[in-house]
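Asks: sequence unknown, structure follows:
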């Protein structure tokens with residue numbers, strides 16, 4: 001069971017790194033045919049399915065998340081995916097990524113960038 005989860009996790013990391021590399025290479029060269037559903041420059045608000053997420057994202061004293069991926073989707077194994085999180089606050093927020101309760105670090109199959 002653990003080996004299967006490890007293989008799925010490695011596939012996720014590989015695909016994620018390819019997506020980041022290819023999207024950065026194309027940036028500015030093409031126009032999207034669809035309108036983006038991501039809010040840019042506006043705080044993310046609303047109700048969340050998970051009460052902990054709702055409390056976290058709607059905390060008045062916390063960092064303000066300006067841009068974030070939608071995590072309530074199902075992702076297809078073998079496809080590239082990218083997750084984004086842009087936040088502001090004082091002191092400057094530190095974004096940490098987790099999968100199944102384990103922190104995700106930069107790896108040659110995974111691209112994590114700080115901007």
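Replies: Thanks, I have it. Here the structure is a predicted model, which is why all the values come from computation and not from measurement.

Asks: end-to-end on stretch 68-87?
Replies: Terminal residues of stretch 68-87 lie 9 Å apart, using C-alpha to C-alpha, to the nearest Å.

Asks: before we move on, what about stretch 61-81?
Replies: End to end - C-alpha to C-alpha - stretch 61-81 spans 31 Å.

Asks: helix or strand for residue 54, just tell me which one.
Replies: Applying DSSP states H and E as the criterion places residue 54 in helix 51-57.

Asks: how many other residues sit next to the residue nearest to residue 103 when sequence neighbours are not counted?
Replies: The shortest distance from residue 103 to any non-neighbouring residue, by C-beta to C-beta, 6 or more residues apart in numbering, is to residue 96 (6.0 Å). Where C-beta positions appear, they are placed from N, C-alpha and C, glycine not excepted. By other C-beta atoms under 10 Å, the residues close to residue 96 number 10.

Asks: rewinding a little: buried ones in the helix or strand just after the helix holding residue 54, by neighbour count?
Replies: Per DSSP H and E, the first helix or strand lying C-terminal to helix 51-57 is strand 64-68. Of all the residues in strand 64-68, those buried under the rule 16 or more other C-beta atoms under 10 Å are 65-66, 68.

Asks: part of a helix, is residue 90?
Replies: No: counting by DSSP: H, G, I helix; E, B strand; the rest coil, one finds residue 90 to be coil, located in no helix.

Asks: so where do the helices sit in the chain?
Replies: 2-26, 51-57 (DSSP state H).
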